[in-house]
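S.K.: Return a 3D structure for these sequence lines:
(chains A and B, ligands or ions: 2)
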Amino acid sequence: MKKELRLMKGNEAVAEAAIRAGADGYFGYPITPQSEVLEYLMAEKPYERTGMVVLQAESEIAAINMVYGAAGCGKMAITSSSSPGISLKQEGISYMAGAELPGVILNVVRGGPGLGTIQPSQADYFQAVKGGGHGDYRMLVLAPASVQEMADFTLLGFELAFKYRNPVMILSDGALGQMMEKVELPEPVPCRTEEEIRQQCPWATLGKPANMERNIITSLNLESLKQEQHNLKLQAKYAQMEREEVRYEEIMCEDAEYLLVAFGSSARICQKTLRMAREKGIKAGLLRPITLYPFPQKPLFELARRVKGILVVEMNAGQMIEDVKLAVCGKIKTEHFGRFGGVIPSPSEVLQALEQKIIGG
Amino acid sequence: MENIPTTADIVKEENLVYKKTKVLTDNILSYCPGCGHGTAHRIIAEVIEEMGIQDKTIGIAPVGCSVLAYNFFDIDMQQAAHGRAPALATAIKRLLPDKFVFTYQGDGDLAAIGTAETIHACNRGDNFTIIFINNGIYGMTGGQMAPTTLPGMKSSTSPYGRDTQTMGNPLKITELVAQLPGTCYVTRQAVHTPGNVRKAKKALRLAFEYQGKNMGLSFVEIVSNCNSGWKMTPRNANEWMEDNMFPFYPLGDIKTPAKLEL
Ligand SMILES: Cc1ncc(C[n+]2csc(CCOP(=O)(O)OP(=O)(O)O)c2C)c(N)n1
Ligand code: SF4
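M.R.: Ligands and ions are numbered 1, 2, ... in the order given. Below is the predicted model of the structure:
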């Protein structure tokens, strides 16, 4: 099987990309709007294609801990859920960060709090980017804006997770999970052999060869000085991520007088807003953070020196705007426009907000 | 003087009746003197050595007094979040079906916070071994009531004794998992006397053998003491265990593959 062009839902694209990435295991629990990931995998029988194991767990808690166990063996494991289920996974994610385990977690965000709504939302930005679970840890957070990126970031997610021995979250939303688009699927690679895993992950618990030291996967340090050393090691890793992994896209920013900042589905909407604005003679540009952590602070800081004002557009009540404000250091006017609770803003209401809050305001 | 034998002359391989298994490390055990955890560790390690599976066994430590079990077993190990060891083991065994996988869990870990993971791994018949140390109390956190605490038994969170009206009855989770079609072998043992140690070791060996034959989940409960949490001397704790724990948690096989075939 080669590269292939298909029309797929975002959720299905993640599932198919995981198989083609050579993932060893998927563990998940049904929740709208992401159940197609598990459904697709169950129907596809990846065990027969690559040897990939798929299991419907008894809960999201069990699923993330299955990912932990698999990752501890150096295996490529992925889980997916939507907001309430992602809340349940937080302890497991924190343990993975503490034990330095790689893994990919897909959040197809819906509106909250509580059971909320099954409609798309970006209300889990804080949870994804600021920790979510306990302790001083960071998770790499990728924000796709198309079905293509849902597939691409599944592969990128595994790559980064293993590069840093750290969990990676793909923060999408119900729109990206459910909508169908053309997607180019990568050429499939086989699952790694046990020998290859031993080479790539000398820390993995695959059974201790007689002539070697045993491997231990743990996040426990009873002595505070040791724990502090461990925290410092983690912080150094996060600093490296901040140096090397910032990803973003600039659209029509060269001559922009006004800047929209938006990620994921909101960024898609803002692209339409840009065209409408330009037709009216408003020179607007868009900065789309692709990594939400690490956040594209420097490019924002640079742009803030050139533009007259920034409108942050999110499907939440104002979360990423805090990071935008930190990045621009109060240099220019920065306002928020959001629809939430599962409501998707229209390009024209974003334009209206730009005119009222930034240009006119 | 020259004819007097040295220790090296006497302690010869062929004269040895007992030797510490090499599957235990030399790290000093973190358990209280008199606690059953250490004995349980030893016989698990001996079984692993005798079966020659040290290089293909992966153990899961829980949260509880045995959280540091990975310091004592000389095998690859993972430490799980509180109660989640069976979820880790499920994934590990499914991804590495040729390895031997076991969890080692206390009663709080296995029968309170981890009840769902325990029941579902047992029900799916995931092919690993659960070793369940039931001491009727939360040892690590200072002797609070556990799901297994006996009626009337005092603990730091049932200071007047467990009132079953308000605190519920002790959970016989071992009998419960024996009902599930996914378990192949369910047994309850103890390690406080040499005779019980021998029996418990045999049970552990069987549990690992069944795992090797892909027969489903094998579950070994060890009723143990917590002299610190019970606030007793080790000897009194063992006597109290015999008089109070064993009548409620009777020792012996609850389910065996042979019985299944009947
Ligand atoms: C999520 C979570 N809740 C609570 C704790 C605190 N805690 C640590 S050990 C323990 C109880 C352990 O008791 P048990 O499983 O019976 O094992 P024992 O210490 O008696 O061997 C608790 C409640 C924790 N570490 N994590
Ligand atoms: S507190 Fe209890 S269970 Fe824990 S080591 Fe001491 S005696 Fe054993």
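S.K.: Model confidence at B:M1, what's the number?
M.R.: pLDDT for B:M1: 57.
S.K.: To which secondary structure element is residue 196 assigned?
M.R.: Using chain A. Applying DSSP states H and E as the criterion places A:E196 in helix A:194-200.
S.K.: not quite, I wanted chain B
M.R.: Secondary structure from DSSP H and E places B:N196 in helix B:194-212.
S.K.: next structured bit after that helix?
M.R.: Note on helix B:194-212: by DSSP H and E, the next helix or strand toward the C-terminus is strand B:217-223.
S.K.: I'd like to know which elements that next one is packed against.
M.R.: When contacts are defined as 3 or more C-beta pairs under 8 Å, 6 or more residues apart in numbering or on different chains; DSSP states H and E, strand B:217-223 sits against helix B:115-124, strand B:129-134, helix B:173-178, strand B:183-190, helix B:194-212. C-betas here are computed from N, CA, C, even on glycine.
S.K.: 6 Å - rerun?
M.R.: Secondary-structure packing of strand B:217-223 (3 or more C-beta pairs under 6 Å, 6 or more residues apart in numbering or on different chains; DSSP states H and E): strand B:129-134, strand B:183-190, helix B:194-212.
S.K.: Check the gap between the nearest residue to A:S348 once chain neighbours are set aside and ligand 2 for me.
M.R.: In this structure, A:S348 finds its nearest non-sequential neighbour in A:M276, 6.7 Å apart by C-beta to C-beta, 6 or more residues apart in numbering or on different chains. Distance of A:M276 to ligand 2, computed by C-beta to the nearest ligand atom, to the nearest Å: 67 Å.
S.K.: circling back to that earlier point, kindly reformat the helices and strands packed on strand B:217-223 as a markdown table containing mean pLDDT, distance to ligand 2 and mean neighbour count.
M.R.: A markdown table is the format used below for these (pLDDT from 0 to 100; distance: least, C-beta to the nearest ligand atom, whole Å; neighbours: other C-beta atoms under 10 Å in any protein chain shown):
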| stretch | mean pLDDT | distance to ligand 2 | mean neighbour count |
| --- | --- | --- | --- |
| strand B:129-134 | 98 | 8 | 27 |
| strand B:183-190 | 98 | 14 | 24 |
| helix B:194-212 | 98 | 16 | 18 |
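S.K.: I'd like the ones you listed as CSV, with distance to ligand 1 appended.
M.R.: Below are the helices and strands packed on strand B:217-223 laid out as CSV (distance: least, C-beta to the nearest ligand atom, whole Å):
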stretch, distance to ligand 1
strand B:129-134, 6
strand B:183-190, 15
helix B:194-212, 16
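S.K.: Redo these as CSV? Include distance to A:K163.
M.R.: Output for these, formatted as CSV (distance: least, C-beta to C-beta, whole Å):
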stretch, distance to A:K163
strand B:129-134, 35
strand B:183-190, 41
helix B:194-212, 35
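S.K.: and the helix holding B:N196, how far from the chain's centre?
M.R.: Relative to its parent chain, helix B:194-212 has a centroid offset of 11 Å by C-alpha atoms, centre = their mean, to the nearest Å.
S.K.: Could you do stretch A:230-239 as well?
M.R.: On C-alpha atoms, centre = their mean, the centre of stretch A:230-239 falls 20 Å from that of its chain.
S.K.: Stretch B:109-128 too?
M.R.: 15 Å.
S.K.: element containing the most centrally placed residue in chain A?
M.R.: In chain A, the residue lying closest to the centroid (C-alpha atoms, centre = their mean) is A:I170, at 2.2 Å. Here A:I170, judged by DSSP H and E, is contained in strand A:167-173.
S.K.: CA-only coordinates of the helix or strand just after that strand, as PDB, when you get a sec.
M.R.: Once the chain leaves strand A:167-173, the next helix or strand it forms, by DSSP H and E, is helix A:174-178. In PDB, the C-alpha atoms belonging to helix A:174-178 read as follows (Å, rounded to 0.1, in the frame of the first residue of the first chain):
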ATOM      1  CA  GLY A 174     -16.100  18.100  17.300                       C
ATOM      2  CA  ALA A 175     -16.100  19.900  13.900                       C
ATOM      3  CA  LEU A 176     -12.600  18.600  12.900                       C
ATOM      4  CA  GLY A 177     -13.500  15.100  14.200                       C
ATOM      5  CA  GLN A 178     -16.800  14.900  12.300                       C
END
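S.K.: any idea of the mean pLDDT in the strand holding A:I170?
M.R.: Mean pLDDT, taken over the full extent of strand A:167-173, equals 98.
S.K.: strand partners of it, parallel vs antiparallel please.
M.R.: strand A:103-109 (parallel), strand A:140-142 (parallel) (DSSP bridges).
S.K.: hey, C-alpha coordinates of that strand in PDB?
M.R.: Presented in PDB, the C-alpha positions along strand A:167-173 are these (Å, rounded to 0.1, in the frame of the first residue of the first chain):
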ATOM      1  CA  PRO A 167       2.800  12.700  26.200                       C
ATOM      2  CA  VAL A 168       1.600  14.700  23.200                       C
ATOM      3  CA  MET A 169      -2.000  15.900  22.900                       C
ATOM      4  CA  ILE A 170      -3.800  16.600  19.600                       C
ATOM      5  CA  LEU A 171      -6.300  19.200  20.600                       C
ATOM      6  CA  SER A 172      -9.000  19.200  17.900                       C
ATOM      7  CA  ASP A 173     -12.800  19.700  18.200                       C
END
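S.K.: ok, and what's touching that strand?
M.R.: A:93, A:96, A:103-109, A:120-122, A:128, A:139-144, A:153, A:157, A:160-161, A:264-265 (C-beta atoms under 6 Å, 6 or more residues apart in numbering or on different chains).
S.K.: Can you select the buried ones among those residues for me in ChimeraX?
M.R.: In ChimeraX syntax, the buried subset of the contacts of strand A:167-173 is picked out as below (16 or more other C-beta atoms under 10 Å in any protein chain shown):
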select /A:93,96,103,104,105,106,107,108,109,120,121,122,128,139,140,141,142,143,144,153,157,160,161,264,265
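S.K.: Domain map for chain A?
M.R.: Annotated domains of chain A cover A:4-194, A:248-359 [automatic domain parsing].
S.K.: how long is the shortest one end to end?
M.R.: One end of domain A:248-359 to the other measures 25 Å (C-alpha to C-alpha, to the nearest Å).
S.K.: Please apply the same query to the longest one.
M.R.: End-to-end distance for domain A:4-194: 29 Å, by C-alpha to C-alpha.
S.K.: try stretch A:177-187
M.R.: 22 Å.
S.K.: returning to that earlier point: can you tell me which residues contact the nearest residue to the residue nearest to the centre of chain A once chain neighbours are set aside?
M.R.: Using C-beta to C-beta, 6+ apart and skipping the chain neighbours, the partner closest in space to A:I170 is A:L106 (4.6 Å). Residues in contact with A:L106 (C-beta under 6 Å, 6+ apart) are A:V14, A:S80, A:I170.
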